[in-house]
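> Give the three-dimensional model of this entry:
(one chain, ligands or ions: 2)
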Amino acid sequence: MKVAWAGSREAFQVSDRMAKLVANDPVFEKFSKPMLGRKELFKNTLRKAAYAWKLINDLRLTEEEAKWLRHYIDEPNYTDLHWEMFVPAIEGQGTKEQKKKWLPLAQTMQIIGTYAQTELGHGSNVQGLETTATFDRQTDEFVMHSPTLTSSKWWPGGMAKVATHAIVYARLIIDGLFHGVHGFIVQLRSLEDHSPLPGLTLGDIGMKFGHGTYNTMDNGVLRFDHVRIPRNQMLMRVSQVTKEGKYAQSDVPRQLLYGTMVSVRQTIVADASKALSRAVCIATRYSVVRRQFGSRNGGPETQVIDYKTQQSRLFPLLASAYAFRFVGEWLKSLYIDVKQRLEANDFSTLPETHACTAGLKALTTAATADGIEECRKLCGGHGYLISSGLPELFAFYVPACSYEGENVVMMLQVARFLVKTVSNLGYKQPVGTAAYLGRVTPLLQNNCAVQTAEDWLNPDAILEAFEARAARMVIGCGERLAMFENPEEGFAELSIDLVEASLAHCQLITVSVFIQKLNHEIPGNGVKRSLEVLCYVYALFLLHKHQGDFLATGYLTPKQASLANEQLRTLYSKVRPNAIAFVDSFNHMDHYLCSVLGRYDGNVYPKLYEAAWKDPLNDSDIVDGIQQYVQPILKQKLHYAKL
Ligand SMILES: CCCCCCCCCC/C=C\CCCCCCC/C=C/C(=O)SCCNC(=O)CCNC(=O)[C@H](O)C(C)(C)COP(=O)(O)OP(=O)(O)OC[C@H]1O[C@@H](n2cnc3c(N)ncnc32)[C@H](O)[C@@H]1OP(=O)(O)O
Ligand SMILES: Cc1cc2nc3c(=O)[nH]c(=O)nc-3n(C[C@H](O)[C@H](O)[C@H](O)COP(=O)(O)OP(=O)(O)OC[C@H]3O[C@@H](n4cnc5c(N)ncnc54)[C@H](O)[C@@H]3O)c2cc1C
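Ligands and ions are numbered 1, 2, ... in the order given. As a prediction, this is how the structure comes out:
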């Protein structure tokens, strides 16, 4: 199962080796992190990032190994933006000459970059950005300027204190004419003494949610006061500006300017299963250790994992972790394919890839963020302790619902793709993830054939149910949209239904990818059978949760919906004996989990007790402030009624 989770034996070995490397090196200790102040926390992260870079070079780690190393170090920092956004932006949007100049510098970290798109006033609406890049023909330069307070760049990671360069997104202006938003490579700091270059105001935007997690990152603010950069620092794969000030667009579609976001959204989907599996591992192990009620004749109480209600909250999350792992793997291969096509100037699959990355990013991050919080509750009161590992994980994870495309905004992008697909149905056969929309007639006419709970243990029955629900919701939206004279007005009016239809479409993708995975790639019958159980749990849990959709679209009868729920309860009993094996298969080491409740050896209570004593408040019996503020109250002998 470890191999099935990792994707291959080789992938397992690489990640396992890197997990051990990090866990066994004292530099990467992290348990004391929540006790550090912001400055210490940040410096500590800089130290770890520098040491990691040294290890990557000294040990000559491959790109894959280096990624796992950074993952297990488990502290967001400037290198995330450098590797995940700055470098891909140059790769995807730079010309050959630009790549030749900038990539070697970035790949050896002689320069450190960030991605400066969002502004104080605009994040989702990229076309609304206000920073200007005005071409000066006399000097062959662009003048970068922040004309308003709301145009201040706001949020870019690593920008406040570390990055030497940024890809800055700004409105291109030539001779007073606006030519849309483009990316520009801008140097921010001196490579000699790291001071901000003249004309730039740079700072940190302040502490964020949680304590020891995202505050390791220096998210920054940046303002330009007429800062000049050479013309050849505009990323020119999509559009070019000549030294005469002529604006030209190549055959490459404008959407490629958004290409870096597609790449990172894909990474975020691939990473969702890491965060969710981490929370599920902690909650499952603890649910086996924790006992409440049910003791008879002085015997042990019941393990809380044996309560059906605990199972009904925990096991769907376990199944979701596996579903997200497989859909992440699938999306990665879709992305690798589109990347190769884009390099060869084939843009045909970009719209579908954009819809898949946007929608699955929204689906997986929302479910993971909610899932981590559910795991905290599944651990009762102890889940609220930092030493459970869950509060910090939650604080780290929740912004994923907002960054790289706010989730609702992303679902609306999926909706645009679906509406377009439906309106083209007469003359363009949908392919890939939208192919089912080409079979609307049977999907709209046939109803579910399930008669017993057992009938739900059938991939075809499940797939058809999810296809019919999505098709009926999408087509229904399309029909209602057609009644509006102004399509944009109609889209806005129906946006709530469109977001729900998009979710149904994305859930169909996750369910069908899970089923495909079972059909083709699982080594070992035992592993395959166990994963089948999880696949059914995932699908029937979604069906139960969204049964309103399935019933309202008329595909299911109430009886069939209740049979699905009956089967789901039976499936929980099949998951129970393997629950620990399922979470051990994630291969999360204690160092990575950083959780007293999720320890591999299950030795929870002594370690919980021991961890409490490490709190700085327990350094002495009488702490600072007691004599000054508490003792006087005790000695005054006042009664509030007399005040
Ligand atoms: C316990 C502690 C644990 C710690 C663990 C630490 C682990 C560390 C390791 C981490 C490693 C990696 C993690 C990854 C790094 C993550 C860092 C995250 C940092 C965050 C960065 C950011 O947020 S960057 C900013 C992102 N901003 C956005 O996403 C903005 C969202 N807005 C948009 O994308 C667009 O503006 C929007 C699409 C919404 C609308 O665009 P607009 O121009 O108005 O266009 P439309 O008219 O709607 O569309 C025009 C046509 O273009 C199509 N289209 C839109 N986008 C794309 C695209 N990206 N690709 C292709 N096509 C696109 C659209 O569909 C339209 O097409 P049509 O055919 O014309 O309809
Ligand atoms: C931790 C973190 C790190 C980040 N790192 C970076 C970075 O490195 N570089 C960078 O450039 N940016 C970064 N960002 C910014 C991030 O990309 C934006 O915050 C994100 O894209 C959301 O945009 P917004 O803040 O403008 O949200 P808004 O769009 O203002 O969202 C507010 C609300 O409005 C709703 N809404 C907005 N538009 C619509 C619409 N059309 N229809 C319906 N509802 C709508 C949303 O659903 C949401 O509920 C980071 C953000 C965070 C939290």
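
> Of all the residues in the stretch 1-150 of the chain, which one is nearest ligand 2?
Gly123 (2.3 Å; C-beta to the nearest ligand atom). C-betas here are computed from N, CA, C, even on glycine.

> Can you classify that residue as helix, strand or coil?
Three-state assignment for Gly123 (DSSP: H, G, I helix; E, B strand; the rest coil): coil.

> give me every residue that touches it.
Contacts of Gly123 were listed using C-beta atoms under 8 Å, 6 or more residues apart in numbering, and they are 117, 155, 406.

> Roughly how far does it sit from Gly405?
The gap separating Gly123 from Gly405 is 9 Å, by C-beta to C-beta, to the nearest Å.

> likewise Val227?
In terms of C-beta to C-beta, Val227 sits 28 Å off from Gly405.

> Looking at these two, which is more packed in?
Legend: neighbour count by other C-beta atoms under 10 Å for Val227 and Gly405, higher for Gly405 (25 against 21).

> Just say helix, strand or coil for that one.
Gly405, by the three-state scheme (three-state DSSP), is coil.

> now the helices for the stretch 401-550 of the chain?
407-423, 440-445, 459-481, 487-493, 495-520, 525-545, 547-552 (DSSP state H, counting those that start in this stretch).

> Would you mind giving these as TSV with mean pLDDT added?
As requested, the helices of the stretch 401-550 of the chain are arranged in TSV below (pLDDT from 0 to 100):
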stretch	mean pLDDT
helix 407-423	98
helix 440-445	94
helix 459-481	98
helix 487-493	97
helix 495-520	97
helix 525-545	97
helix 547-552	98
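
> among the ones you listed, which is nearest Ser273?
Shortest distance between Ser273 and the helices of the stretch 401-550 of the chain, using C-beta to C-beta, is found for helix 495-520: 11.0 Å.

> how about the closest one: buried residues?
Residues 497-515, 517-518 are the ones in helix 495-520 that count as buried (16 or more other C-beta atoms under 10 Å).

> How about the closest residue to ligand 2 within the stretch 451-600 of the chain: what's its closest non-neighbour residue?
Residue of the stretch 451-600 of the chain nearest ligand 2, by C-beta to the nearest ligand atom: Ser495 (6.3 Å). Excluding the flanking residues, the one nearest Ser495 by C-beta to C-beta, 6 or more residues apart in numbering is Leu412, at 6.3 Å.

> who touches the one you found in this structure?
By C-beta under 8 Å, 6+ apart, the residues touching Leu412 are 495, 498-499, 502.

> Between all of those residues, which two are at the greatest distance?
Greatest spatial distance in the contacts of Leu412: Ser495 and Ser502, 10.1 Å, computed using C-beta to C-beta.

> Mutual contacts of the two, please.
412, 415.

> The longest helix along the chain: which residues count as buried?
Longest helix of the chain, by residue count under DSSP state H: helix 308-343. Neighbour counts over helix 308-343 (16+ other C-beta under 10 Å) mark 310-331, 334-335, 338-339, 342 as buried.

> Distance of the residue nearest to the spatial centre of the chain relative to Gly298?
Most central in the chain under C-alpha atoms, centre = their mean is Ile268, positioned 3.6 Å from the mean C-alpha point. According to C-beta to C-beta, Ile268 and Gly298 sit 51 Å apart.

> next one: Pro487
Between Pro487 and Gly298 the distance is 71 Å, computed by C-beta to C-beta.

> Neighbour count for these two, which is higher?
A direct count of neighbours by other C-beta under 10 Å for Pro487 and Gly298 places Pro487 higher, at 12 against 5.

> residues contacting the more buried one?
Each residue near Pro487 by C-beta under 8 Å, 6+ apart is listed here: Leu481.

> ok, back up a step: for the longest helix of the chain, what is the distance to the chain centroid?
With C-alpha atoms, centre = their mean, to the nearest Å as the basis, helix 308-343 stands 11 Å off its chain's centre.

> for stretch 146-158, same thing?
In terms of C-alpha atoms, centre = their mean, the centre of stretch 146-158 is set 23 Å apart from its chain centre.

> What is the end-to-end distance of it?
Chord length of stretch 146-158, first to last residue, is 20 Å (C-alpha to C-alpha, to the nearest Å).

> who touches it?
76-82, 112, 114-123, 129-132, 159, 163, 166, 168, 205, 217-225, 403.

> how about a cut-off of 7 Å?
Residues from elsewhere that reach stretch 146-158, judged by C-beta atoms under 7 Å, 6 or more residues apart in numbering: 78, 80-82, 112, 114-116, 118-121, 130-132, 166, 168, 205, 217-224.

> Buried residues of that stretch, list them for me.
Buried residues in stretch 146-158, counted by 16+ other C-beta under 10 Å: 146, 151-158.

> and what of stretch 400-415?
For stretch 400-415, a neighbour-count test (16+ other C-beta under 10 Å) marks 400-401, 403-405, 407, 410-415 as buried.

> Repeat that for stretch 205-222.
Buried residues in stretch 205-222 (16+ other C-beta under 10 Å): 205, 210-222.

> Now do it: distance to the chain's middle.
Computed by C-alpha atoms, centre = their mean, the chain-centroid distance of stretch 205-222 equals 17 Å.

> For burial, what's the neighbour tally of Asp25?
With other C-beta under 10 Å as criterion, Asp25 counts 15.

> Need the phi and psi values for it.
The phi/psi pair for Asp25 (degrees, to the nearest 10) reads phi -110, psi 120.

> can you tell me how far Gln445 sits from ligand 1?
Applying C-beta to the nearest ligand atom, to the nearest Å, the value for Gln445 to ligand 1 is 30 Å.

> I'd like to know how many residues surround that residue.
A count of neighbours around Gln445, defined by other C-beta under 10 Å, yields 8.

> which ones are touching the nearest residue to Gly259 once chain neighbours are set aside?
In this structure, Gly259 finds its nearest non-sequential neighbour in Gly92, 4.1 Å apart by C-beta to C-beta, 6+ apart. Gly92 sits next to 256, 259-260 when contact means C-beta under 7 Å, 6+ apart.

> which among these gets closest to Glu192?
Of all those, Glu192 sits closest to Thr260, with 29.0 Å by C-beta to C-beta.

> buried stuff in the helix or strand containing Ala581?
Using DSSP states H and E, Ala581 maps to helix 579-584. Using 16+ other C-beta under 10 Å as the burial criterion, the residues of helix 579-584 that qualify are 579-580, 582-584.

> Tabulate these in TSV, adding columns for distance to Gly389 and pLDDT.
Listed next are these as TSV, based on distance: C-beta to C-beta, whole Å; pLDDT from 0 to 100:
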residue	distance to Gly389	pLDDT
Ala579	18	98
Ile580	17	98
Phe582	19	98
Val583	14	98
Asp584	16	98
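
> rewinding a little: save the buried residues of stretch 205-222 as a markdown table, and put in secondary structure and pLDDT too.
What follows is the buried residues of stretch 205-222, written out as a markdown table (DSSP: H, G, I helix; E, B strand; the rest coil; pLDDT from 0 to 100):
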| residue | secondary structure | pLDDT |
| --- | --- | --- |
| Ile205 | coil | 98 |
| Gly210 | coil | 89 |
| His211 | coil | 81 |
| Gly212 | coil | 79 |
| Thr213 | coil | 83 |
| Tyr214 | helix | 93 |
| Asn215 | helix | 95 |
| Thr216 | helix | 96 |
| Met217 | coil | 98 |
| Asp218 | coil | 98 |
| Asn219 | coil | 98 |
| Gly220 | strand | 98 |
| Val221 | strand | 98 |
| Leu222 | strand | 98 |
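
> so which of the residues you listed also contact ligand 1?
Filtering those for proximity to ligand 1 by C-beta under 6 Å from any ligand atom leaves Thr213.

> Let me know the closest of the buried residues of stretch 205-222 to Ser277.
Nearest to Ser277 among the buried residues of stretch 205-222: Thr213, at 17.6 Å, using C-beta to C-beta.

> Need phi/psi at that closest one.
phi -110, psi -80.

> Which helix or strand contains the spatially closest residue to Val262 that is not a sequence neighbour?
Closest residue to Val262 apart from its sequence neighbours, by C-beta to C-beta, 6+ apart: Thr357 at 5.1 Å. According to DSSP H and E, Thr357 maps onto helix 350-378.
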